[in-house]
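A.B. asks: sequence plus the predicted model coming up.
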There are 2 protein chains.
Amino acid sequence: MTEAEIPALADRPAVTVDVVLFSVRSSNLKVLLVCRSAAPFRGRWCLPGGFGRLSESLDDAARRRLQEETDVHDIYLEQLYTFGTPRRDPRGRVISVAYFALAADDVNAHANAEGVQVDWHPVPDLPELAFDHGEIVHYALQRLRYKLEYTSVGFELLPNEFTLTELQTAYETVLGENLDKRNFRRRILEAGILSETNRYRESEGQGRPARLYRYKKNAVSEVKARRLFP
Amino acid sequence: MTEAEIPALADRPAVTVDVVLFSVRSSNLKVLLVCRSAAPFRGRWCLPGGFGRLSESLDDAARRRLQEETDVHDIYLEQLYTFGTPRRDPRGRVISVAYFALAADDVNAHANAEGVQVDWHPVPDLPELAFDHGEIVHYALQRLRYKLEYTSVGFELLPNEFTLTELQTAYETVLGENLDKRNFRRRILEAGILSETNRYRESEGQGRPARLYRYKKNAVSEVKARRLFP
DNA sequence: ACAAAAGTGTTTACTATACACCCATGG
DNA sequence: CCATGGGTGTATAGTAAACACTTTTGT
């Protein structure tokens, strides 16, 4: 940062924000995509996002573009990675600050005013995406699986109140493996990050109703990783 | 990314890369800083870095600016985080893609042609930095401590050949705590990521000479974190 | 012979994993 | 009364942590 001058306008890249929003729906991990209505890649699916404004922070830009394009708001969002290889956008040099987001399955997305298509797509089976957005989703999925194992970010995939079975199912869906019911429940309850309610999920069909829990917001939620070297 | 058009030049932010380069020197964790020779913040220390070129990737820009300003090259480098709050640079909207880097203590930095000062500063005791660079260093330090515990990135703090005691000391310096010698050596040797040489460090002063080891480059180096929920 | 740093194993406590049955409700 | 999903405890294996002395070299 000691170079004499800020670069001339012509030497500046454009900067976008793009959001990878995951949600578990009908027992599948899905990602929210929009369909491009203009060149380049017209008709191809891509991540919601767009160019930021000079007056807003990157986080604000990500939230704003997500809401403008898909009507989704008030969800968990964190910065993922910045993608900036020179020819990733055919229009010129575009740097994309990618975000990673999670939503419960009661969060609904709607096409925006311009009538652009918006839909949830199952992650293991995505169409070819515009730009390098396929690569960005892949990177985000790694991050999701990773964080699920050592933080409590997984609660962001569930609505305010949920049953332990619902929580376990969300974990299993994302991780792609089955977990032991007793061990899962013991660990999560011992972690002290849930508070139980006195409400129960009325069973649809048969079966005993399940107790509903809530996530304690300001719970300490990070587990110390096992050290490589003690 | 469905907005109709790429923004006009006047609506584009400037994008810099800034590098937080850590090294353990004379038993202290240090970070490499340069002294600003121009306004704003003239005379204040800041991170090496600068504006990227349209034709180069962000990683390339970070490596190039680091070499141009400090003559440091061929070191470990990874992207850290992108800082983009609107008023972080008084010259206008500047987004900084920050990098995290590590070097052994045999890597030397030199002032560049323009004669800008370059120096290693002990991390626990930094001067007030230009821009939000203090915050960036703080964020990088968290990342360093974190990664040290569950990856083998710590080897990047050491030269090609090193003794186990030197390795342990580097870890202790960064983590700010003492480690058990026998446990440390057992774990690291069992991990199978070091190969022993037949050379020894001639002891300066008294004491038995210590065997030199090398880090096996393509060793699998990540340890599975302890799960929050099994 | 002594000072200084290198090198080496074992015991104990804790944490993870595997595993099977009873309970409450609706039809 | 039966089908469905909810809820619970224990025994075993594996990993982490604490801990002290012998070896090699230079002075």
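C.D. replies: Okay, I see it.

A.B. asks: which stretches in chain A count as strands?
C.D. replies: A:14-25, A:28-35, A:45-46, A:49-51, A:76-83, A:94-102, A:118-122, A:161-162, A:194-201, A:210-215 (DSSP state E).

A.B. asks: including distance to B:S57, could those go into JSON lines?
C.D. replies: All C-beta spots, glycine's among them, are computed from the backbone N, C-alpha and C. Below are those laid out as JSON lines (distance: least, Cβ to Cβ, whole Å):
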{"stretch": "strand A:14-25", "distance to B:S57": "15"}
{"stretch": "strand A:28-35", "distance to B:S57": "26"}
{"stretch": "strand A:45-46", "distance to B:S57": "21"}
{"stretch": "strand A:49-51", "distance to B:S57": "20"}
{"stretch": "strand A:76-83", "distance to B:S57": "10"}
{"stretch": "strand A:94-102", "distance to B:S57": "10"}
{"stretch": "strand A:118-122", "distance to B:S57": "29"}
{"stretch": "strand A:161-162", "distance to B:S57": "42"}
{"stretch": "strand A:194-201", "distance to B:S57": "44"}
{"stretch": "strand A:210-215", "distance to B:S57": "39"}
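
A.B. asks: between the longest helix belonging to chain A and strand A:94-102, how big is the angle?
C.D. replies: Once chain A is assigned using DSSP state H, the helix that runs over the most residues is helix A:133-150. Angle of helix A:133-150 versus strand A:94-102, following axes from the mean of the first three to the mean of the last three Cα atoms, to 10 degrees, is 40 degrees.

A.B. asks: does helix A:133-150 reach chain B?
C.D. replies: Yes - under the criterion of Cβ under 8 Å from any Cβ of the partner chain, chain B is reached by helix A:133-150 at A:H133, A:Y146, A:E149, A:Y150.

A.B. asks: closest to B:Y76 out of those?
C.D. replies: Nearest to B:Y76 among the residues of helix A:133-150 next to chain B: A:Y146, at 20.3 Å, using Cβ to Cβ.

A.B. asks: let me see the confidence value for that closest one.
C.D. replies: Taken from the predicted model, the pLDDT recorded for A:Y146 is 89.

A.B. asks: how about A:P127?
C.D. replies: For A:P127, the pLDDT comes out at 98.

A.B. asks: got a list of what the residue nearest to it when sequence neighbours are not counted touches?
C.D. replies: Spatial nearest neighbour of A:P127, chain neighbours left out: A:W45 (5.6 Å); criterion: Cβ to Cβ, 6 or more residues apart in numbering or on different chains. A:W45 sits next to A:L33, A:V34, A:C35, A:R36, A:H121, A:L126, A:P127, A:L129, A:A130 when contact means Cβ atoms under 8 Å, 6 or more residues apart in numbering or on different chains.

A.B. asks: for A:A104, give me its contacts.
C.D. replies: A:S23, A:E156, A:L157, A:L158, A:P159.

A.B. asks: ok, the residue nearest to A:P127 to A:H133 distance?
C.D. replies: 8 Å (Cβ to Cβ, to the nearest Å).

A.B. asks: what do you get for A:E56?
C.D. replies: Using Cβ to Cβ, one obtains 22 Å as the distance from A:E56 to A:H133.

A.B. asks: show me what contacts the spatially most central residue of chain A?
C.D. replies: Against the mean C-alpha coordinate of chain A, by Cα atoms, centre = their mean, the closest residue is A:A101 at 2.5 Å. When contacts are counted by Cβ under 8 Å, 6+ apart, A:A101 is found next to A:V19, A:V20, A:L21, A:F22, A:A62, A:L66, A:I75, A:Y76, A:L77, A:E78.

A.B. asks: make a ChimeraX selection of the buried ones in the residues you listed.
C.D. replies: Selecting just the buried residues from those in ChimeraX takes one command, with 16 or more other Cβ atoms under 10 Å in any protein chain shown as the test:
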select /A:19,20,21,22,62,66,75,77
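
A.B. asks: now the contacts of A:A101 as CSV including pLDDT and distance to A:P7?
C.D. replies: Shown next, in CSV, are the contacts of A:A101 (pLDDT from 0 to 100; distance: Cβ to Cβ, whole Å):
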residue, pLDDT, distance to A:P7
A:V19, 98, 28
A:V20, 98, 30
A:L21, 98, 33
A:F22, 98, 36
A:A62, 98, 24
A:L66, 97, 30
A:I75, 98, 35
A:Y76, 97, 35
A:L77, 98, 30
A:E78, 98, 29
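
A.B. asks: which among the contacts of A:A101 gets closest to DNA strand D?
C.D. replies: Nearest to DNA strand D, judged by Cβ to the nearest atom of the strand, of the contacts of A:A101 is A:F22 at 22.9 Å.

A.B. asks: before we move on, back to that, wait, which of the strands of chain A is closest to DNA strand D?
C.D. replies: Comparing these by Cβ to the nearest atom of the strand, strand A:210-215 comes nearest, at 3.5 Å.

A.B. asks: what lies in contact with the closest one?
C.D. replies: By Cβ under 8 Å, 6+ apart, the residues outside strand A:210-215 that reach it are A:152, A:155, A:158, A:160-165, A:167, A:193-197, A:199-201, A:203.

A.B. asks: now narrow those residues to whatever sits close to DNA strand C.
C.D. replies: Of the residues in the contacts of strand A:210-215, proximity to DNA strand C by Cβ under 7 Å from any atom of the strand holds for A:S203.
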